[in-house]
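**Student:** fold the following, please.
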Amino acid sequence: MRRMLIGSVLVVSLLVGGCATNAPKYNTDFDNVAKLRAASLAPVRIGEITKDPASKHDVNSITIRGGTLTSPYGSYTAYLREALEQEFTDARLLDANSPIEISGVLLRNEVDAGISKGTAEVDARLVVKRSGSVAYDDVKTAQLDWDSNFVGAIAIPRANENYPKVLQKLLGEFCADPKFLAALKK
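**Tutor:** Predicted structure coming up:
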């Protein structure tokens, strides 16, 4: 009887999840980098990325099936900042002394490792300032879906590996915006 109880607890824990895991570090999306390089942009600096203090949800906290997905950069606002830095560094467009600054607000940051379908949704506002004057201010949204699984040991790693992809998609939305690119022109 005791073995059955222990076995049942083990099976339930595998199905549900509940462990803390680290999100993978951001990997540059080279389609985004190619768009940045092709647009003849001036070098930029990346400013502060914050969260909306009026939001009901903490964008720096992601829970997947009762477990925590933690940012390798300390917070998800820092994760978005790192993603921007990597994209612009790989496009050879990052300069800490540039008069053009990109800053922003992470507005929504959600991941769901559902029973059959996983989803991630991220909203962010990016602001481009040229010598202190706002040249661009807009909000973009990215959503990503993937096959999930009832078993937490399968669903949680799938959600984990898809998180950076939704950020790549979000930054791709900005890189495809002609107004964003125009604000960064030489």
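
**Student:** quick one: the helices in the chain?
**Tutor:** For the chain, the helices defined by DSSP state H occupy 2-16, 30-38, 76-90, 152-175, 178-183.

**Student:** any chance of those helices in JSON lines, plus mean pLDDT and distance to Pro53?
**Tutor:** Where C-beta positions appear, they are placed from N, C-alpha and C, glycine not excepted. Putting the helices of the chain into JSON lines (pLDDT from 0 to 100; distance: least, CB to CB, whole Å) gives the following:
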{"stretch": "helix 2-16", "mean pLDDT": "42", "distance to Pro53": "33"}
{"stretch": "helix 30-38", "mean pLDDT": "96", "distance to Pro53": "29"}
{"stretch": "helix 76-90", "mean pLDDT": "97", "distance to Pro53": "12"}
{"stretch": "helix 152-175", "mean pLDDT": "93", "distance to Pro53": "21"}
{"stretch": "helix 178-183", "mean pLDDT": "97", "distance to Pro53": "25"}
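
**Student:** minimum distance to Val134: which of those helices has it?
**Tutor:** Closest of the helices of the chain to Val134 is helix 178-183, at 8.9 Å (criterion: CB to CB).

**Student:** and that closest one, what's buried?
**Tutor:** Of all the residues in helix 178-183, those buried under the rule 16 or more other CB atoms under 10 Å are 180-181, 183.

**Student:** now the residues you listed as a markdown table including distance to Pro24?
**Tutor:** Formatted as a markdown table, the entries for the buried residues of helix 178-183 read as follows, by distance: CB to CB, whole Å:
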| residue | distance to Pro24 |
| --- | --- |
| Phe180 | 26 |
| Leu181 | 28 |
| Ala183 | 30 |
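
**Student:** closest to Arg45 out of the helices of the chain?
**Tutor:** Judging the helices of the chain by CB to CB, what sits closest to Arg45 is helix 76-90, at 8.8 Å.
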